[in-house]
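Can you look at this prediction? I've put the sequence above it.
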Amino acid sequence: MSKKPFLLLLFFLNTVIVLAQTPAQKLEQAFNNLLADPQASYALTSLCVLDAKTGQIIFGRNENIGIATASTLKTITSATAFGLLGKDFQYQTTLAYSGTIDSDGTLKGNLIIVGGGDPTLGSWRYESSKENVILNQWVNVIKAAGIKKIEGKVIGDDSLWGSQTTPDGWIWQDIGNYYGAGASALSWRENQFDIHLRANRAENNVSILKTVPEMPYIKFVNELKAGAQGTGDKVYSYLPPLGNTAYLRGSWAIGISKSGVSAALPDPSFDAAFRLQDTLNRIGIAASETATTARQLTVEQKPMPTVTQKLATISSPTLGEIVYWFNKKSVNLYGEHLLKTIAWKSGKEATTQNGAATVINYWSAKGIDSRTLNIMDGSGLSPATRVTTAAMANVLFQSQKESWFPIFYESLPENNGMRLKSGSISDVSAYAGYYTDKNGNKYIIVININNYSGSGISKKLFRVLDALK
């Protein structure tokens, strides 16, 4: 027998063997290949794959060990929000005033923006919530009320959810940046602003060109260095909640195509009041006092004025619309709002801790061991959050039975040809979601690696999941 026919026969037999393997066998081989990779040498790697029709485990490895979830936690937060609040839930923000309006159009009192927990107020993602749309609506009702002058100020009432915006457990490096913005009862423009930068090769420094919008009440301490071409964005804003000094640290690459970075608003309630008062001043409706917030009044031991008349109430997009962007673009702010809302609408104080406890209790009542859900926030930004891949897969399985599931499913991004929510924080990479193969077999997938080394781990996780294709 010649060598060529023998090799062809060997190739044919190997192909038959591979095709004869079950999905579990293919997954095991692919998973073992990942474990043997140097990037996973000191990592904890977990995989849980379920039959989406029966909920039975097709393959599991380390699936009952709690590990940091990163943004895959958003699948649990959004599923719980749908279950407890309903897909049509909306937030309300009210513009009102205290005092009285004189016959000459002078408001002897204050304009008050009463926050109702809406994370989308002023957001660019929805036509109805854009900053200019909201400000114009407020200006129009103020004019319609006959107000021509304000002997008082604009107050951002952020009192509904208390004074703590940032969850315990978030790290200092994150909270001054847009993705680490905390949840206020009166959030505004997704609690962020932009800083435009330019690296200077000769001076080895970075210039702040401008902020968008202008932030006259924040002082910037620029400690940035120019990074070598190709090193990208390594800028971090250290700006604490309620602070007014931002330290910019890290490096900004020479020749980078991005215009700049986005930082977290230290006090979104104040910024909302500031923007409304500034807008009114520009059209000739001046206020005699500086804009403030309910929180600042409390610090100053001053009473919050009583509302005497409501002018307008703005409703947010529906929960379904909010969750779409929450998962599609992984908006951490939305997750923290949803967690507080879950607590608030369950009759508890609107804290992150109460929201997390409500989420755990919700799924515990549906048969998931509460010890598998160690939840510290709503977005997964906290490295202290620990959830097992088996528990997350169970949540995804049970979610299929609900009337809101089609909206939830559509909110999940496409990754590797599958509907998978991604998650990434320092040395953590994870994916969670659904996949239907060419034969119509449906799977639920949760894969997670903690403490890997190097970069580019996602494509190696995808190689494991390719065993289902």
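Yep, it's here.

so what's Ser159 closest to, chain neighbours aside?
Ala294 (4.2 Å; C-beta to C-beta, 6 or more residues apart in numbering). For every residue, glycine as well, the C-beta is placed using N, CA and C.

meant to ask about Val464, not that
Nearest to Val464 is Ala30, by C-beta to C-beta, 6+ apart, at 4.4 Å.

if I read this right, the residue nearest to Ser159 contacts Ile155, doesn't it?
Yes - the pair Ala294 and Ile155 passes the contact test of C-beta atoms under 8 Å, sitting 6.6 Å apart.

what touches both of those two?
Met304 (C-beta atoms under 8 Å, 6 or more residues apart in numbering).

the more surrounded of those two?
Taking neighbours as other C-beta atoms under 10 Å, Ala294 and Ile155 compare with Ile155 leading, 28 against 24.

before we move on, which element is that one in?
For Ile155, the host element (DSSP states H and E) is strand 154-157.

neighbouring contacts of the helix or strand following that strand?
Next along the chain after strand 154-157, taking DSSP H and E as the criterion, comes helix 172-175. Outside of helix 172-175, the residues within contact range by C-beta under 8 Å, 6+ apart are Thr166, Gly180, Ala181, Gly182, Tyr236, Tyr238, Leu239, Pro240, Pro241, Ala264, Leu381.

redo that, cut-off 7 Å
Thr166, Gly180, Tyr236, Tyr238, Pro240, Ala264, Leu381 (C-beta atoms under 7 Å, 6 or more residues apart in numbering).

ditto for stretch 105-116
Stretch 105-116 has contacts (C-beta under 7 Å, 6+ apart) with 91-102, 146-158, 160, 184-186, 269, 272-273, 276, 305, 307.

count of residues packed around Asn204?
Neighbours of Asn204 using other C-beta under 10 Å come to 12.

looking at it, it is touching Ala228, isn't it?
No - under the criterion of C-beta atoms under 7 Å, Asn204 makes no contact with Ala228, lying 10.3 Å away.

What distance do you get for the residue positioned nearest the centre of the chain to Ser453?
With distances taken as C-alpha atoms, centre = their mean, Asn332 lies nearest the centre of the chain, 1.4 Å away. Distance from Asn332 to Ser453, counting by C-beta to C-beta, to the nearest Å: 25 Å.

Could you do Thr245 as well?
Look at Thr245 and Ser453: by C-beta to C-beta, they are 36 Å apart.

can you tell me the helix or strand for Leu248?
With secondary structure defined by DSSP H and E, Leu248 is part of strand 245-253.

May I see the buried residues of the helix or strand just after that strand?
Using DSSP H and E, the helix or strand that directly follows strand 245-253 along the chain is strand 260-264. By neighbour count with 16 or more other C-beta atoms under 10 Å, strand 260-264 contains the buried residues Gly260, Val261, Ala263, Ala264.

C-alpha coordinates for strand 260-264, CSV please?
In CSV, the C-alpha atoms belonging to strand 260-264 read as follows (Å, rounded to 0.1, in the frame of the first residue of the first chain):
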residue,chain,number,x,y,z
GLY,A,260,-9.9,62.4,24.7
VAL,A,261,-11.4,60.6,27.6
SER,A,262,-14.6,60.7,29.6
ALA,A,263,-14.7,61.3,33.3
ALA,A,264,-17.4,60.9,36.0
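
From Thr290, how far out is the closest residue in space to Ile457 that isn't next to it in sequence?
Sequence neighbours aside, Ser429 is the residue nearest to Ile457 in space, at 4.9 Å (criterion: C-beta to C-beta, 6+ apart). The gap separating Ser429 from Thr290 is 46 Å, by C-beta to C-beta.

Looking at these two, which is more packed in?
Neighbours per residue (other C-beta under 10 Å) separate Ser429 from Thr290, with Ser429 holding more: 23 against 13.

thinking Val261 is in contact with His196, fair?
No - contact status for Val261 versus His196: not in contact, 8.8 Å apart, counting by C-beta under 7 Å.

Dig out what the residue nearest to Ile457 forms beta bridges with.
Counting by DSSP bridges, Ser429 forms beta bridges with Ser424, Ile449.

residue contacts, it?
By C-beta under 7 Å, 6+ apart, the contact list for Ser429 reads Ile449, Tyr452, Ile457, Ser458, Leu461.

If we only consider the residues you listed, which is nearest to Glu131?
Of all the contacts of Ser429, Glu131 sits closest to Ser458, with 34.4 Å by C-beta to C-beta.

The closest one: neighbour count?
Ser458, neighbours per other C-beta under 10 Å, totals 16.

Roughly how far does it sit from Val464?
According to C-beta to C-beta, Ser458 stands 11 Å off from Val464.

returning to that earlier point: what strands line up against the strand holding Ile155, and which way round?
Strand pairing (DSSP bridges) places strand 154-157 next to strand 111-114 (parallel), strand 292-293 (parallel).
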